[in-house]
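Student: with the sequence up front, the predicted model follows.
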Amino acid sequence: MKFMRFLTLSLFNKVPYLLLPFFLMGCDESPKASSPAPLAPYRIALSEMGKDFQQEVSNMLIQQVVSGGENPTTATVTIEQSDLPDDAVQAERSIFKLALRDGKWVIDSRINQQRCYPERGHQSFSTAPCH
């Protein structure tokens, strides 16, 4: 009985070494080069705002809405700045429409709007200038 127990323990102790080649055969020698994930639509929109964007710090709201569930194909990004240091323009808003093409988000359109302070023009966002 002692012999059987010894044999069992000896084989059990060597099993990891016997199975190691089988585990290694399943390992890939080099990692597969996967294409990097595309930049998020809001990051594309922010980069399009230009180098002067937020030179003067103001309140900012960024909203991203995507369609397509787990695999979005279109996106709308709205970037709004308010309480600007301007005597006529109270807020500015840029609305970007983007589409996923060939694995990259591409801007289809951009609309710039502004909202004026009271007595300086329209009180809702519009493409018309404030005065």
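Tutor: Great, that's in hand.
Student: contacts and neighbour counts: CA atoms only from here.
Tutor: Fine.
Student: mind listing the strands for the protein?
Tutor: For the chain, strands defined by DSSP state E occupy the ranges 59-67, 74-82, 89-101, 104-116.
Student: need those in JSON lines with mean neighbour count and distance to K51, can you?
Tutor: Output for the strands of the chain, formatted as JSON lines (neighbours: other CA atoms under 10 Å; distance: least, CA to CA, whole Å):
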{"stretch": "strand 59-67", "mean neighbour count": "13", "distance to K51": "16"}
{"stretch": "strand 74-82", "mean neighbour count": "20", "distance to K51": "15"}
{"stretch": "strand 89-101", "mean neighbour count": "20", "distance to K51": "15"}
{"stretch": "strand 104-116", "mean neighbour count": "17", "distance to K51": "16"}
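Student: with mean pLDDT and distance to P129 as extra columns, can I get those strands in CSV?
Tutor: Rendered in CSV, the data for the strands of the chain read as follows (pLDDT from 0 to 100; distance: least, CA to CA, whole Å):
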stretch, mean pLDDT, distance to P129
strand 59-67, 97, 20
strand 74-82, 98, 16
strand 89-101, 97, 9
strand 104-116, 97, 7
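Student: turn those strands into a markdown table, columns for distance to M49.
Tutor: As requested, these are exported to a markdown table (distance: least, CA to CA, whole Å):
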| stretch | distance to M49 |
| --- | --- |
| strand 59-67 | 12 |
| strand 74-82 | 9 |
| strand 89-101 | 9 |
| strand 104-116 | 10 |
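Student: those strands: which one's closest to P38?
Tutor: For those, distance to P38 was read as CA to CA. The smallest value, 5.5 Å, belongs to strand 104-116.
Student: elements contacting that closest one?
Tutor: helix 41-48, strand 89-101 (3 or more CA pairs under 8 Å, 6 or more residues apart in numbering; DSSP states H and E).
Student: hmm, try it at 7 Å
Tutor: The elements that strand 104-116 packs onto, with contact taken as 3 or more CA pairs under 7 Å, 6 or more residues apart in numbering; DSSP states H and E, are strand 89-101.
Student: now the strand it packs on - C-alpha only, PDB.
Tutor: The C-alpha atoms that make up strand 89-101 are tabulated as PDB, following Å, rounded to 0.1, in the frame of the first residue of the first chain:
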ATOM      1  CA  VAL A  89     -22.100  86.400 -27.000                       C
ATOM      2  CA  GLN A  90     -23.300  84.500 -23.900                       C
ATOM      3  CA  ALA A  91     -22.600  81.000 -25.200                       C
ATOM      4  CA  GLU A  92     -21.300  79.200 -28.300                       C
ATOM      5  CA  ARG A  93     -22.100  75.700 -29.500                       C
ATOM      6  CA  SER A  94     -20.600  73.500 -32.100                       C
ATOM      7  CA  ILE A  95     -22.500  70.400 -33.300                       C
ATOM      8  CA  PHE A  96     -20.500  67.800 -35.100                       C
ATOM      9  CA  LYS A  97     -22.000  64.900 -37.100                       C
ATOM     10  CA  LEU A  98     -19.600  62.000 -37.600                       C
ATOM     11  CA  ALA A  99     -19.700  58.600 -39.300                       C
ATOM     12  CA  LEU A 100     -17.500  55.600 -38.900                       C
ATOM     13  CA  ARG A 101     -15.800  54.800 -42.200                       C
END
